[in-house]
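Turn this into a model:
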Amino acid sequence: MAGDRRGSFLTTRWSLLVREDLGEVFTLYWRPVYLHLRRRGHDIEAAKDLTQGFFVRFLEKGYARQADRARGRFRHFLRAAVDHFAADAHDRSQAKKRGGGRKAVPLDVESAESMLVVEDPVERHFDRQWARAILDDAMAALEQEFAARGQGARFAEFRPVLAGGTHKDRVALHRARKRFRELVRERVARTVESANLVDEELAALLKAL
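Here you go, the predicted model:
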């Protein structure tokens, strides 16, 4: 993304959608959307079709431009938009026909299905998967930073203890944890529309895990 990624509210996920960068948004958020549809009672094939169709329709209809940003959280808006999309019987019947010639993106539904928690209330389940998606993306970014410095093996040592535990190199582990928290915060900041929502959103997502 262009511009300063740290603490910037000029380039949010909502703006990313307006710029039609479907690939990054789809990659990061397809799993929460897919699992939300599964929790809403759709079978695997229907949830796959609806997930892909939803993101395409999101761009085709300019949903991001129509959003009430005063609500502040992209997470809340996206969940409501998915529910509205899935409730439309015409959209469901046309899911496989939609896409304007775009090639369907393969979904790793096997790994996603393993995260389906039927005991969770539907909204909590969505928030849990949203939080996991953000943490996974931050972890992947941290791994790339280590790899770029030729420290892939060091990252492999740190990864199991980043969320808790000890390592013989405590100083380096502390730095890695600090950077991981920064990367998570950056990603949360890009899903809200004002700086004063970041800490609140972080707390809400960590509570959902």
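
could you point out where the protein is predicted with low confidence?
Along the chain, the model assigns pLDDT under 70 to residues 1-23, 62-72, 89-106.

Which residue ranges of it form strands?
For the chain, strands defined by DSSP state E do not occur.

Return the longest helix in it, judged by number of residues.
helix 122-148 (DSSP state H).

Only the buried residues of that one, if you could.
Neighbour counts over helix 122-148 (16 or more other C-beta atoms under 10 Å) mark 125-135, 137-139, 141-143, 146 as buried. All C-beta atoms are positioned from the backbone trio N, CA, C, and that covers glycine.

my guess is residue 185 meets residue 205, correct?
No. At 10.9 Å, residue 185 does not count as touching residue 205 under the criterion of C-beta atoms under 8 Å.

who has more neighbours, those two?
Each of residue 185 and residue 205 has its neighbours counted (other C-beta atoms under 10 Å); residue 205 has more, 22 against 18.

ok, residue 37 touching residue 87?
No. Using C-beta under 8 Å as the test, residue 37 is too far from residue 87 to be in contact (11.1 Å).

which of those two has more neighbours?
Between residue 37 and residue 87, counted using other C-beta under 10 Å, the more crowded position is residue 37 (24 against 10).

okay, now residue 208: neighbour count?
By other C-beta under 10 Å, 18 other residues sit near residue 208.

whoops, I mixed them up, residue 74
24.

separation between it and residue 34?
Counting by C-beta to C-beta, to the nearest Å, the gap from residue 74 to residue 34 is 17 Å.

Measure how buried the closest residue to residue 189 other than its chain neighbours is and give me the count.
Nearest residue to residue 189 in three dimensions, chain neighbours excluded: residue 198, at 5.1 Å (C-beta to C-beta, 6 or more residues apart in numbering). For residue 198, the count of nearby residues is 18 (other C-beta under 10 Å).

can you offset everything so residue one is 22?
Okay, residue one is now 22; in that scheme the one you just asked about reads as residue 219.

Compute the distance between residue 219 and residue 58, please.
Distance from residue 219 to residue 58, by C-beta to C-beta: 28 Å.

Much appreciated, bye for now.
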